[in-house]
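A.B. asks: build me a model from this:
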Amino acid sequence: MKKRLYFFAILCIFCLTSCSNYWWSYVDAINTNAFTGNKTYFIEKRFPSNLNPLTAEEFGRDLAIVLENKGYYLTDSANADLKVVFGYTLGEKSDRAYTSSYSLYQYNPSTTTKTESSSIVKNASGNIIGSITTNSTQTNPGNVTYAGQAINTNYVEVQDIELTIDAFDVSNQQAVWSVSITDKTSSKNLQNLRKYIPMYLLNAYPYIGENTKGKVSSKTYYSDKRVKWFR
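C.D. replies: Purely as a prediction, here's the structure:
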């Protein structure tokens, strides 16, 4: 019987943050603890010049939602104690390698073996009086055996993004607190920032007005009830 070889692959992929069930980024926050005014603010947007103005307004509303839940109150520039400058920049595109590890298994189909044997028959005097032919059949069931490991490398175009949220005291233009959110994610994701800006802001949420003493990693699960703030 002609054998057929089937290879079953078990694929292990190391994904980008966007492939998982949470959104991950770095956050670096610092404050002065010198501000004594009210938490009233207006937003000054500093986005790339080619960003759709309606999208810029939406990003501003996303930030306002987060700040409201931190106890800040949006107002106009004439009545605000704080100016909050919100913007982002994109870095150069580059390729990142992602390795897929495959375990290969070989399927061995069942086989059937037929054997034939003969034996001599003698009488009581020891003389040969004939022979007996015996046929037997043995079936070996199919099985799967390990055939080795294979490595596959794919390349994904990625890009740096940095979002900044800086608060200034309107009375003296001094910095009050600052939050930086950085990430390197696929260029495809960055083409859909309307979906992910809220996730970046939620990663920054615990640290707004605080001091992280350096970069910290932060993640927000898509199942987090706070995601519904933006719907």
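A.B. asks: what's the neighbour count on Asn143?
C.D. replies: 10 (other Cβ atoms under 10 Å). The C-beta positions use only the backbone N, C-alpha and C, and glycine is treated the same way.
A.B. asks: how much space separates it from Gln106?
C.D. replies: 9 Å (Cβ to Cβ, to the nearest Å).
A.B. asks: what do you get for Tyr207?
C.D. replies: In terms of Cβ to Cβ, Tyr207 sits 53 Å off from Gln106.
A.B. asks: tell me which of the two has more neighbours.
C.D. replies: Tyr207 (21 against 15).
A.B. asks: look up phi and psi at that one.
C.D. replies: When read as degrees, to the nearest 10, the backbone of Tyr207 gives phi -110, psi 0.
A.B. asks: on that earlier part again, joint contacts of Asn143 and Gln106?
C.D. replies: Both Asn143 and Gln106 lack any common contact, where contact means Cβ atoms under 8 Å, 6 or more residues apart in numbering.
A.B. asks: longest helix in this structure, by residue count?
C.D. replies: Longest helix in the chain, counting residues (DSSP state H): helix 53-69.
A.B. asks: let me see the mean pLDDT of it.
C.D. replies: Helix 53-69 carries an average pLDDT of 97.
A.B. asks: and that helix, what does it pack against?
C.D. replies: strand 40-46, strand 73-74, strand 82-108, helix 193-204 (3 or more Cβ pairs under 8 Å, 6 or more residues apart in numbering; DSSP states H and E).
A.B. asks: give me the contact list for it.
C.D. replies: Residues contacting helix 53-69 (Cβ under 8 Å, 6+ apart): 41, 43, 45, 47, 74, 84, 86, 165, 193-194, 197-198, 201-202, 204-205, 208, 226, 229-230.
A.B. asks: apply 10 Å and report the result again.
C.D. replies: Helix 53-69 is contacted from outside by 39, 41-48, 51-52, 72-74, 82, 84, 86-88, 163, 165, 167, 193-194, 197-202, 204-205, 208-209, 226, 229-230, using Cβ atoms under 10 Å, 6 or more residues apart in numbering.
A.B. asks: what is the least confident helix or strand in this protein?
C.D. replies: strand 7-13 (a mean of 36; mean pLDDT, DSSP states H and E).
A.B. asks: next structured bit after that strand?
C.D. replies: strand 22-31 (DSSP states H and E).
A.B. asks: which parts of stretch 186-194 are buried?
C.D. replies: Using 16 or more other Cβ atoms under 10 Å as the test for burial, stretch 186-194 gives 186, 189-190, 193.
A.B. asks: adding pLDDT, write the residues you listed out as a markdown table.
C.D. replies: As requested, the buried residues of stretch 186-194 are arranged in a markdown table below (pLDDT from 0 to 100):
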| residue | pLDDT |
| --- | --- |
| Ser186 | 89 |
| Asn189 | 87 |
| Leu190 | 86 |
| Leu193 | 94 |
